[in-house]
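*Asks:* Got a predicted structure here, sequence first:
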Amino acid sequence: MSSPLATLLPLTKSLDMALRPVNWDEYVGQKQVKANVRIAIDAAKKRGGMPEHILFYGPPGVGKTTLAHLVAATLKSPLKNTSGVAIERAGDLAAILTNLEPNTVLFIDEIHRLSRKIEELLYPALESGHLDIILGKGPSARTVELSLPPFTLVGATTRVAELSGPLRSRFGGGVFQLDFYNDEDLRDIIRRSALLLDLSAPEEVIDRIAARSRATPRVANALLKRVRDFSEVHNRKLSAALCDEACDLFGIDAQGLTKDDRRYLETLLKSFRGGPAGVRAVAAALHEDPDTVEHVYEPYLLRLGFIERSSRGRILTPQGRSYLSGEKSGDIF
Ligand SMILES: Nc1ncnc2c1ncn2[C@@H]1O[C@H](COP(=O)(O)OP(=O)(O)O)[C@@H](O)[C@H]1O
Ligand SMILES: [Mg+2]
């Protein structure tokens with residue numbers, strides 16, 4: 001059975017596209033990142049060139065891909081979309097780079113997935129705009145240097161720690177962390193999405209959804225759409241009460257936590273006496289993939305202050321404990 005979180009996070013491609021901000025004004029929050037990126041773009045435009053390479057990192061759904069689109073749109077550049085998983089062999093990278101139209105924004109999503117071999121091939125392309133291709137094998141092999149059209153790499157990753165130092169240092173245009181969103185920004189995003197979806201959503205509904213969206217725009221949009229579906233099916237107007245009923249049905253509580261989050265917290269409490277416990281041990285107890293636990297569940301639990309990471313592992317905090325005991329007394333929903 002798919003978890004409530006899984007239905008909120010990865011399966012929203014068409015919704016993402018429909019609601020994606022198309023200009024800087026529509027891109028809510030992340031002020032400092034926006035300002036820095038726009039300076040890099042404006043300076044490059046003034047020089048009549050392309051900006052240096054840029055990296056965005058942060059949890060899923062906080063606007064990394066959207067920024068890559070905005071960078072390309074502002075530069076009036078074509079955008080070439082690919083991902084670290086898709087570039088497996090040297091030939092894959094060579095094909096992409098040699099086929100770029102001049103002044104393209106090359107977006108590599110999940111860039112931490114590139115192998116070291118591909119990374120090394122990428123370095124000269126990023127530094128001096130050429131690609132070293134080895135032709136032939138054995139003693140007769142020779143290296144040919146291919147000049148590439150000018151391009152800007154925009155990388156995105158949820159796991160910046162997994163990026164090698166040398167690759168990270170090639171992002172001369174900046175390495176930017178995207179944070180979770182505050183309530184006010186989330187409400188702005190939800191209001192805009194409601195307009196685009198042709199929904200009249202009262203403020204109390206906007207508030208409810210903002211509070212349950214894990215400080216993440218993609219979750220906010222997905223939740224808005226699911227609450228809308230719920231209201232249509234039941235032929236009822238959007239209201240706070242309806243939101244609560246819908247979220248109950250989806251298994252999302254007042255803090256935006258799902259049964260998977262609660263299972264995580266309970267496991268930490270019961271199987272590990274509140275920790276410290278290593279992420280692999282917790283994941284094994286949950287029958288979950290450690291990567292998913294670390295990069296999908298934990299960031300928001302950390303933000304809420306329900307868990308802490310220490311050198312010896314994860315620890316359930318007093319806030320985490322009181323959340324769990326609150327749930328038992330039934331005042332979470
Ligand atoms: N700053 C923002 N302002 C408004 N909407 C946003 C913002 N960031 C993200 N979104 C919404 O969330 C969706 C997911 O964002 P996306 O850029 O795909 O996230 P990421 O690439 O970080 O996973 C977008 O399609 C957009 O609708
Ligand atoms: Mg993305």
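*Replies:* Cool, the structure landed. Ligands and ions are numbered 1, 2, ... in the order given.
*Asks:* Contacts only, for the nearest residue in space to Arg228 that is not next to it in sequence.
*Replies:* Leaving aside its sequence neighbours, Arg228 sits nearest to Leu199 (C-beta to C-beta, 6 or more residues apart in numbering; 5.7 Å). To be clear about C-beta, it is placed using only N, CA and C from the backbone, and glycine gets the same treatment. The contact partners of Leu199, taken as C-beta atoms under 8 Å, 6 or more residues apart in numbering, are 224, 228, 238.
*Asks:* any idea how far the first one lies from Asp198?
*Replies:* This means Leu224. Distance from Leu224 to Asp198, counting by C-beta to C-beta, to the nearest Å: 12 Å.
*Asks:* Look at the two and report which has more neighbours.
*Replies:* For Leu224 versus Asp198, neighbours defined as other C-beta atoms under 10 Å are more numerous around Leu224 (27 against 7).
*Asks:* May I see the contacts of Leu199 arranged in a markdown table, with pLDDT, distance to Val154 and secondary structure as well?
*Replies:* Shown next, in a markdown table, are the contacts of Leu199 (pLDDT from 0 to 100; distance: C-beta to C-beta, whole Å; DSSP: H, G, I helix; E, B strand; the rest coil):
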| residue | pLDDT | distance to Val154 | secondary structure |
| --- | --- | --- | --- |
| Leu224 | 95 | 28 | helix |
| Arg228 | 95 | 32 | helix |
| Leu238 | 95 | 37 | coil |
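*Asks:* Read off the pLDDT value for the closest residue to ligand 2 within the stretch 1-150 of the chain.
*Replies:* For the stretch 1-150 of the chain and ligand 2, the shortest gap (C-beta to the ion) falls at Thr65, measuring 3.3 Å. As predicted, Thr65 sits at a pLDDT of 97.
*Asks:* Confirm that it sits in a strand.
*Replies:* No: under DSSP: H, G, I helix; E, B strand; the rest coil, Thr65 sits outside any strand and is assigned helix.
*Asks:* ok, it touching Val105?
*Replies:* No: in this structure Thr65 lies outside contact range of Val105 using C-beta atoms under 8 Å: 11.9 Å.
*Asks:* Okay, the spatially closest residue to Lys259 that is not a sequence neighbour and ligand 1: tell me how far apart.
*Replies:* Excluding the flanking residues, the one nearest Lys259 by C-beta to C-beta, 6+ apart is Gly251, at 4.9 Å. Distance of Gly251 to ligand 1, computed by C-beta to the nearest ligand atom, to the nearest Å: 22 Å.
*Asks:* One more: Leu268?
*Replies:* Leu268 is 26 Å from ligand 1, by C-beta to the nearest ligand atom.
*Asks:* Contact partners for that residue?
*Replies:* 274-275, 277, 282, 307, 314-316, 320.
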